[in-house]
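1. I would like to see how this sequence folds:
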Amino acid sequence: YKEAGYEYVIIDDCWSLKERVDGKLVADPALFPKGMKALSDYIHGKGLKFGMYSCAGFKTCAGYPSSYGHEFEDAKQFAEWGVDYLKYDFCNFPASGDAKNAYLTMAMALRNSGRDIFFAACNWGVQDPAKWMRSRGANSYRSTGDIFDVPKSYKDIFMQQAENIEGNAPGCYNDMDMLIVGMHGNGNVGMGGCTDEQYRQHFAMWAFLGSPLIIGSDIRKLDEYNTATLLNRGLISVNQDMANCPAFLIYKEAGRKYAFGRLLSGNRIALAFFNIDTKEEWAQTMSIAFDDLGIHSESGIGLKLTDVVTGEERGIFYDGYSTKVPLDGCEILVGETRCRTNTGDVQLENLYKENGMSVGNGMQEKHKTDITKFCIKCGAALSSDEIALHKKLYNRAAESFMCIRCSSAYLEVTQEMLTAKIEEFKKMGCTLFD
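-> Predicted coordinates:
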């Protein structure tokens, strides 16, 4: 899990004694016999970071001592224990209290604790924290109520936040609550559980919308499918992309289907399709017009799409993309921009993909020792399949070759151009077969 990018081990409520001792929070010796500093040292020794829990109210949600009125002494104590992350809950907050000031106070306490501590504010979306938590010093904010291990719970949270993600950016992230992947009805929020497909949809939603990914299940008991979901490199890479751009909603059929885009680093863009509750097969087709991604048809720009979850290449598409997404399913794609040459280019490359054939990478440099053949027109490095195609179409004994893009440009010609094109082929040392 650490190699996949998970870095914190976070404890939640009920870790302390029921009362303070000499004004200080004390770990329950029955649960943590060596105390919190020893636990922190152990976690740090594993190359991970230590997360702690407290609350802005006069008691925690389970009735344990909270930090209300004790913010600065508690923050100092957390720092002495080596805490790296503080979840700050909102239970039992006085009706007359000022929530904005309460979170600002703890932020100031952490800033003056002598240690860099990630401040995870958790006020369940009360008073629309997206509009003020960043300015009050929070590094993340809970935007909704608690999640439960049933499909309706994660879907409701997703639909609530589908249009509340524009402010999700470095410095302060929209925390849509922990992940329920693989719980299957176990744990404190365990209820009826979800199917494996629903867990994957849930994880893809959280990853694409940029929520912090906090595992809520017991990883020691996870099955293979849900372990693979939580460790899916493609989905995690979208969530953690260096560009840190929030996702944007392209269209929705409320409660049924949603489509999103998200700009990524490296001049890439991600697409996401979610089927929430569309049972009829005829209605499960979802489409995105590239105009809605800022790519107009006249630009000559298309997208080379790859399935993030499976790594499968879908081919190059211009103008738009359509797919069929089953109930409780999702499809997440990453697109790399490509310039249009002609329709033959697209059709030929997609035909290659459909038949499991490889296409050379024009970005590879000629001095690379493992690359021996290059297109004589554009200089792109060639795959063995492209070389074979060239030999089949032009000259079985050829020593010079063209990539499929340049080949398709030559193949898609009008009758009027044919004679001139044949002469060009001859000048390059190629022979056309009848």
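
2. Can you pull out the residues in contact with stretch 70-84?
-> With Cβ atoms under 8 Å, 6 or more residues apart in numbering as the contact definition, stretch 70-84 has outside contacts at 8, 23-25, 36-37, 40-41, 44, 49-52, 54, 67, 86, 105-106, 108-110, 112-118. C-beta coordinates here come from the backbone N, C-alpha and C atoms, glycine included.

3. need the strands for this structure, in chain order.
-> 8-10, 49-55, 85-89, 118-121, 140-142, 173-175, 248-253, 257-264, 268-275, 285-289, 301-307, 313-317, 320-324, 330-339 (DSSP state E).

4. Output the ones you listed as a markdown table; include the columns distance to Ile236.
-> Output for those, formatted as a markdown table (distance: least, Cβ to Cβ, whole Å):
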| stretch | distance to Ile236 |
| --- | --- |
| strand 8-10 | 15 |
| strand 49-55 | 17 |
| strand 85-89 | 19 |
| strand 118-121 | 19 |
| strand 140-142 | 17 |
| strand 173-175 | 15 |
| strand 248-253 | 20 |
| strand 257-264 | 13 |
| strand 268-275 | 13 |
| strand 285-289 | 23 |
| strand 301-307 | 15 |
| strand 313-317 | 20 |
| strand 320-324 | 22 |
| strand 330-339 | 11 |
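
5. Just the buried ones from the contacts of stretch 70-84?
-> Taking 16 or more other Cβ atoms under 10 Å as the criterion, what is buried in the contacts of stretch 70-84 is 8, 25, 36, 40, 49-52, 54, 67, 86, 105-106, 109-110, 113, 117-118.

6. just to revisit the earlier point, could the strands of the chain go into a markdown table alongside mean pLDDT and distance to Gln240?
-> As requested, these are exported to a markdown table (pLDDT from 0 to 100; distance: least, Cβ to Cβ, whole Å):
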| stretch | mean pLDDT | distance to Gln240 |
| --- | --- | --- |
| strand 8-10 | 98 | 14 |
| strand 49-55 | 98 | 16 |
| strand 85-89 | 98 | 17 |
| strand 118-121 | 98 | 15 |
| strand 140-142 | 96 | 14 |
| strand 173-175 | 96 | 11 |
| strand 248-253 | 95 | 18 |
| strand 257-264 | 97 | 11 |
| strand 268-275 | 98 | 12 |
| strand 285-289 | 94 | 23 |
| strand 301-307 | 94 | 17 |
| strand 313-317 | 91 | 22 |
| strand 320-324 | 95 | 24 |
| strand 330-339 | 94 | 13 |
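
7. hmm, back to that, now, which of the contacts of stretch 70-84 lie within helices?
-> Met36, Lys37, Ser40, Asp41, His44, Thr105, Met106, Met108, Ala109, Leu110 (DSSP state H).

8. And the furthest pair within the residues you listed?
-> Using Cβ to Cβ, the ones in helices among the contacts of stretch 70-84 span at most 28.8 Å, a distance reached by Asp41 and Thr105.

9. related to what we said a few turns ago, for the ones in helices among the contacts of stretch 70-84, which one is nearest Thr144?
-> Met106 (20.5 Å).

10. May I have the residues that are in contact with the closest one?
-> Taking Cβ under 8 Å, 6+ apart, we find Met106 in contact with Ala56, Ser67, Glu71, Ala75, Leu86, Tyr88, Phe119.

11. could you dump these to a markdown table with distance to Tyr154?
-> Converted to a markdown table, those look like this (distance: Cβ to Cβ, whole Å):
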| residue | distance to Tyr154 |
| --- | --- |
| Ala56 | 25 |
| Ser67 | 29 |
| Glu71 | 33 |
| Ala75 | 33 |
| Leu86 | 25 |
| Tyr88 | 23 |
| Phe119 | 25 |
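
12. Of these, select the buried ones using a PyMOL command.
-> Filtering the contacts of Met106 down to the buried ones (16+ other Cβ under 10 Å) takes a single PyMOL command:
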select buried, resi 56+67+71+75+86+88+119
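
13. For the stretch 151-300 of the chain, give me the ranges with low pLDDT.
-> For the stretch 151-300 of the chain, no stretch is flagged by pLDDT under 70.

14. and with 90 instead?
-> 163-170, 187-188, 190, 254-255, 281-283, 297-300 (pLDDT under 90).

15. and what of the stretch 301-434 of the chain?
-> Using pLDDT under 90, the flagged stretches of the stretch 301-434 of the chain are 301, 316, 318, 338-434.
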